[in-house]
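Asker: fold the stuff below for me.
(one chain, ligands or ions: 1)
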Amino acid sequence: MTTLIDLRSDTVTRPTEAMRKAMATADVGDDWYGDDPTVNRLQDKAAEIAGRQAALYLPTGTMCNQVALHALTRPGHFVVCEGSAHVSGVELHSSAALSGVAFRPIAGARGVLSAGQVTDALRPDRSDVTVVDLVAIENTHQRGGGTPLQVEDVRAVAQACQAAGVPLYMDGARVFNACAVTGAKVADYAAEVSAMMFCLSKGLGAPIGSMLIGDAEFIREARRTKILFGGAWRQAGIMAAAGLIALEEGPQRLHEDHAKARVLAEGIAELLPGSVDPDAVPTNIVFVDISGTAWSSPEWAERLAVEGVRVTMGPGKVRMLTHRDVSMADVHAALAAWARAATS
Ligand SMILES: Cc1ncc(COP(=O)(O)O)c(C=O)c1O
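Answerer: Residues are numbered from 1 along each chain as shown. Model (predicted):
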């Protein structure tokens, strides 16, 4: 039987033995009442890592983004973000339904907005009709190819926001991947933004959960919104126990995922010249431009699946993410599968 190499996302990792044991023995309470000790420990730890006053444990990154948008915007107002940001694409219908906000998307190089672009986007409407309530950035930028933002670039955008009196939110679903490349700490980024989130369930390898982070008043309002959205998840300490291990052990091994992505990109660049630039793969995300090949992206996905490799796709592109549960040997096996798929 062909072994399955799952490169669809870094969310597909299974909990480790240590996580399963911690989950089985976790001290729990009722999170609606705020008395789950393991959830509280995780929230305190996340706030400490970010150097901010408070954090809120939520089931998903999407829920963090949506709770933040709800807290920081008013219906009918705008959010400025890069055009391919997760929040304005994948989550568009969520924010439409939950908060009634509209997006003012701006095209950035590999997903990165410059301070000048933000300043332009925040110029007051002369007719005093349209209002921007929030600027949202993404770090690393997924569709930009896993692009890590430099702290100085975030600071420059933050200054542009401050000048206009608009808060800055960071979707840091993969901010630890950014840190592994830039050498910055999560707190360095967190110091520049009004609020942010990071995911435990992606490169860090927890089965579930994300952390929304900010000052105490913001998190107080975010907790109300979480409950408003039906998110009081009672004995969530069972999951938080795995989240604590992910936070403890996950960040230091992310460079391994980046090295695997690089090898993957190099192998595919050799097989399909021009389809991917390995130098443009800074973290764990590889986009392969298959538009110059004989097959469409769904056809590639199907051919690769037959060879035991699972990928996701978009128009003209195949996407792969490396993670804890794929080894370097798996990456080489995936490259062999690509070679078979290309010639079969
Ligand atoms: C940049 C970014 N933000 C937010 C999310 C949403 O996270 P979740 O899948 O936990 O809802 C994702 C998911 O892939 C993402 O890539």
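Asker: please make it C-alpha for all contacts and neighbour counts, starting now.
Answerer: Will do.
Asker: how far does stretch 116-134 sit from its chain's centre?
Answerer: 26 Å (CA atoms, centre = their mean, to the nearest Å).
Asker: CA atoms only: put that stretch into CSV for me.
Answerer: Below are the C-alpha coordinates for stretch 116-134, written out as CSV (Å, rounded to 0.1, in the frame of the first residue of the first chain):
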residue,chain,number,x,y,z
GLY,A,116,2.7,54.2,2.5
GLN,A,117,-0.1,52.0,1.2
VAL,A,118,-1.7,52.0,4.6
THR,A,119,-1.4,55.8,4.9
ASP,A,120,-3.1,56.2,1.5
ALA,A,121,-5.9,53.8,2.5
LEU,A,122,-6.5,55.7,5.7
ARG,A,123,-6.9,59.1,4.3
PRO,A,124,-10.3,60.4,5.6
ASP,A,125,-13.2,60.3,3.1
ARG,A,126,-13.7,63.9,1.9
SER,A,127,-17.5,63.3,1.9
ASP,A,128,-17.3,61.9,5.4
VAL,A,129,-19.2,58.8,4.5
THR,A,130,-16.9,55.8,4.5
VAL,A,131,-15.0,55.0,7.7
VAL,A,132,-12.1,52.6,8.2
ASP,A,133,-12.2,51.1,11.7
LEU,A,134,-9.3,48.7,11.5
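Asker: list the buried ones in it?
Answerer: In terms of neighbour count (16 or more other CA atoms under 10 Å), stretch 116-134 has its buried residues at 117-119, 121-122, 131-134.
Asker: would TSV of the residues you listed with pLDDT and distance to the ligand be doable?
Answerer: What follows is the buried residues of stretch 116-134, written out as TSV (pLDDT from 0 to 100; distance: CA to the nearest ligand atom, whole Å):
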residue	pLDDT	distance to the ligand
117	98	20
118	98	19
119	98	23
121	97	22
122	98	23
131	97	24
132	98	21
133	98	20
134	98	16
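Asker: in strands, which of the residues you listed fall?
Answerer: 132-134 (DSSP state E).
Asker: my guess is residue 277 contacts residue 265. True?
Answerer: Yes: under the contact definition of CA atoms under 8 Å, residue 277 touches residue 265, with a separation of 7.1 Å.
Asker: and those two? Which one has more around it.
Answerer: residue 265 (26 against 17; other CA atoms under 10 Å).
Asker: helix, strand or coil for the closest residue to the ligand within the stretch 151-300 of the chain?
Answerer: Per CA to the nearest ligand atom, residue 173 is where the stretch 151-300 of the chain lies closest to the ligand, at 4.9 Å. Here residue 173 is recorded as coil under DSSP: H, G, I helix; E, B strand; the rest coil.
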